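J.: following is a predicted model, sequence given first.
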Amino acid sequence: MNTTPRAEEVEQRAEGVNLLRVPGVRALILWRGFPYVFQAVLLATLLVLIAVAWRRYTPPGVAQKLYAQTNLATLLIWGLWWPAMVWITVFLGRAWCMVCPLELVSNVSERIGRRFRLRQRPLHLWIASGAVIVVLYALIQFLVAGAEIRRVPAYTSLFLIGLLALAVLTGLLFRDRAFCRGFCPIGLLLSAYGRGGMLAVRAGSGEACRACTDKNCIRACNRYKADGRSCPSLLNPPVLNDNKECLLCGQCIKVCEPDNMRLLLRRPFSANDARDAAASWPMTLFVMTVSGFVLWELTTEWATAQKVFLAVPRWISQYVSAPSLSSHVTVFWATVVVPLLIWSFFGLLARLLGHNASLGALWRRLALPMAVIVAGGHIAKGLAKFVSWAGFLPYAFEDPSGFETAAAISGGLLQPPVPLLSKPFVAVVAAVIVAGALFLAMREARLANHGKTGFAMTAPLLLTTAVFLFLTIGWALPA
Ligand code: SF4
Ligand code: SF4
Ligand code: SF4
């Protein structure tokens, strides 16, 4: 008996396990109701949460944060779903997109627009590059922190309605999954954080694709079918080699008659994926913005660090005697001024170390490895938030509006729930995550640059990790 595996088998084993070989998973992905039924259930849940949060403002005498923790909508969306989504994206890639209700909304509105013969345009390349998403993401940062969207349920419900309206509008006016490709405010985050995800859709044998005459996975006539479609995101499944834009929707798997598509479970940051040596400008600006935001988020768990980080914006707000502008000044500081200062310092450092490329070129080369460290900081902060908010869940199910719970806790009649894990333990786990992220970021930089990184590239990664580590270790200090 010949026990030597064929070269193709060895190659496929190194790429990971094909989950479609698991009967339950295969049946699920090939089911006509997938992913629509899951998306519809999540859409119904979203509508219920919008209703729960509708016109619910913080009651007098109750802290905004406490009310956000007790209202079911703000608790589920900001306290639990958002941190979990960041974790899921970093570890599994764009798995959330697989079942996202907004994709269903834009899909249905696109079909309605086609039915009514609206003139639906293809997405301009500059929109598909993420230029609008950067602006939307920045705008949302201002709204989230400046208008306290996360803390006031009524604003959260308006925000969600706005997202649904944007998905409908872009679905009506554009074609080919335009909302996901050019307008979803978290599209760049999913693309940046999900690159190393363990779930990936990839073609199997290249020979099978070359021999395939139908090419159903890319044929335009299959694109607008209800199910078993050619890639609705206009990707080319036979040569797909990264996770940037694939939503894991499974349509190419369903439509491939030779059964040559695979749903792989691989090691994180698979070496088989293609890497860009330089990020696009929208992605670079996104990583810069989010690096400042995550730095700010990490300080929020350590009062002294937060005081230092916010000293300048607080001084400015006092100096111009405009306390109402304080939160907007803070967001501008964290997401614009601090990133510009830090990334300019990285440029200066690179120059001192003999790196001759322009500042823009350095930023673009640095963005994707840096995104790994930023994602590490983000999931560390997400863990801290999740463990301190999750204990409110039983109360929120009993009293979804949160009015009575918040009033009882504020009045001392009810004890707030204790965090699921102690702060020192969370600090240690967070530090391990950030250190692990550095290892992966260095590897990403090496793989993207064919082994030639240099100290000008690695110094910013080391410095950012050192600051993140310092902050996470500080969480363990007594308040
Ligand atoms: S890109 Fe945005 S809207 Fe589209 S599926 Fe992913 S999360 Fe949902
Ligand atoms: S339909 Fe399947 S076999 Fe044909 S080109 Fe697409 S992925 Fe390859
Ligand atoms: S490549 Fe396949 S799984 Fe990915 S978005 Fe296109 S159809 Fe969906």
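T.: Now that the structure is in, tell me what you want to look at. Ligands and ions are numbered 1, 2, ... in the order given.

J.: please name the residues that touch the closest residue to Cys100 other than its chain neighbours.
T.: Counting by C-beta to C-beta, 6 or more residues apart in numbering, Gln39 is the residue found nearest to Cys100 once chain neighbours are left out, at 6.7 Å. In short, each C-beta sits where N, CA and C put it, glycine included. By C-beta atoms under 8 Å, 6 or more residues apart in numbering, the contact list for Gln39 reads Val99, Cys100, Pro101, Glu103, Leu104.

J.: again, 6 Å this time
T.: Residues near Gln39 by C-beta atoms under 6 Å, 6 or more residues apart in numbering: Val99, Pro101, Leu104.

J.: low-confidence ranges, the stretch 301-450 of the chain, go.
T.: Applying pLDDT under 70 to the stretch 301-450 of the chain picks out residues 322-325.

J.: in CSV, list the contacts of Gln39 along with secondary structure, pLDDT and distance to ligand 1.
T.: CSV is the format used below for the contacts of Gln39 (DSSP: H, G, I helix; E, B strand; the rest coil; pLDDT from 0 to 100; distance: C-beta to the nearest ligand atom, whole Å):
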residue, secondary structure, pLDDT, distance to ligand 1
Val99, coil, 97, 8
Pro101, helix, 98, 8
Leu104, helix, 98, 9
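
J.: could these be laid out in JSON lines, adding distance to Val52 and neighbour count?
T.: Shown next, in JSON lines, are these (distance: C-beta to C-beta, whole Å; neighbours: other C-beta atoms under 10 Å):
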{"residue": "Val99", "distance to Val52": "21", "neighbour count": "20"}
{"residue": "Pro101", "distance to Val52": "16", "neighbour count": "20"}
{"residue": "Leu104", "distance to Val52": "21", "neighbour count": "18"}
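
J.: what about Gly347, neighbour count?
T.: Gly347: 20 surrounding residues under other C-beta atoms under 10 Å.

J.: quick check: it touching Leu359?
T.: Yes: between Gly347 and Leu359 there is a contact at 4.2 Å, judged by C-beta atoms under 6 Å.

J.: report the set of residues contacting both of the two.
T.: By C-beta under 6 Å, 6+ apart, Gly347 and Leu359 have no common neighbours.

J.: close to ligand 2: what parts of this protein are there?
T.: Residues of the chain lying close to ligand 2 (C-beta under 6 Å from any ligand atom) are 203, 208-209, 212, 215-217, 237-238, 256, 258, 260-261.

J.: hmm, back to that, can you list the buried residues in the helix or strand the residue nearest to Cys100 falls within?
T.: Per DSSP states H and E, Gln39 falls inside helix 36-53. Within helix 36-53, the residues that qualify as buried are Tyr36, Phe38, Gln39, Leu42, Leu43, Leu46, Leu49, Ile50, Val52, Ala53, counting by 16 or more other C-beta atoms under 10 Å.

J.: after that helix, which helix or strand is next?
T.: Using DSSP H and E, the helix or strand that follows helix 36-53 in sequence is helix 64-70.

J.: mean confidence for the helix or strand following that next one?
T.: Once helix 64-70 ends, the next helix or strand along the chain (criterion: DSSP H and E) is helix 72-74. Mean per-residue pLDDT for helix 72-74: 97.

J.: what are the contacting residues of helix 72-74?
T.: If you take C-beta under 6 Å, 6+ apart as the criterion, helix 72-74 is touched by Leu49, Val52, Ala53, Ala68, Pro153, Thr156, Ala396, Pro400.

J.: that one: how far from the chain's middle?
T.: The chain centre lies 20 Å from the centre of helix 72-74; the measure is C-alpha atoms, centre = their mean, to the nearest Å.

J.: what's the answer for stretch 351-367, then?
T.: In terms of C-alpha atoms, centre = their mean, the centre of stretch 351-367 is found 26 Å from the chain centre.

J.: mind listing what's buried along that stretch?
T.: Buried positions in stretch 351-367, judged by neighbour count with 16+ other C-beta under 10 Å: His355, Leu362, Trp363, Arg364, Arg365, Leu366, Ala367.

J.: could you dump the residues you listed into CSV and include distance to Leu169 and secondary structure?
T.: CSV is the format used below for the buried residues of stretch 351-367 (distance: C-beta to C-beta, whole Å; DSSP: H, G, I helix; E, B strand; the rest coil):
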residue, distance to Leu169, secondary structure
His355, 44, coil
Leu362, 38, helix
Trp363, 33, helix
Arg364, 32, helix
Arg365, 36, helix
Leu366, 35, helix
Ala367, 30, helix
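
J.: coming back round to it: could I get the contacts of Gln39 as TSV with distance to ligand 3?
T.: As requested, those are exported to TSV (distance: C-beta to the nearest ligand atom, whole Å):
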residue	distance to ligand 3
Val99	13
Pro101	17
Leu104	14
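
J.: and which of the contacts of helix 72-74 is nearest to ligand 1?
T.: Nearest to ligand 1 among the contacts of helix 72-74 is Leu49, at 15.9 Å by C-beta to the nearest ligand atom.

J.: list the contacts for the closest one?
T.: Ala73.

J.: mind checking pLDDT for it?
T.: Looking at Leu49, its pLDDT reads 98.

J.: distance of it from ligand 2?
T.: Leu49 is 38 Å from ligand 2, where distance means C-beta to the nearest ligand atom, to the nearest Å.

J.: ok, the buried residues of helix 36-53 vs ligand 1, which is closest?
T.: The nearest member of the buried residues of helix 36-53 to ligand 1, counting by C-beta to the nearest ligand atom, is Gln39 at 8.9 Å.

J.: quick one: pLDDT of the closest one?
T.: So, for Gln39, pLDDT stands at 98.

J.: same check, this time on the one 5 residues further on
T.: On the pLDDT scale, Ala44 is placed at 98.

J.: ditto for Arg6
T.: So, for Arg6, pLDDT stands at 48.

J.: checking Leu263 next. Helix, strand or coil?
T.: Assigned by DSSP: H, G, I helix; E, B strand; the rest coil, the conformation of Leu263 is strand.

J.: enumerate every residue touching the residue lying closest to it once chain neighbours are set aside.
T.: Excluding the flanking residues, the one nearest Leu263 by C-beta to C-beta, 6+ apart is Leu19, at 4.6 Å. Going by C-beta under 6 Å, 6+ apart, Leu19 touches Val25, Leu263, Leu265.

J.: nothing else from me, thank you.
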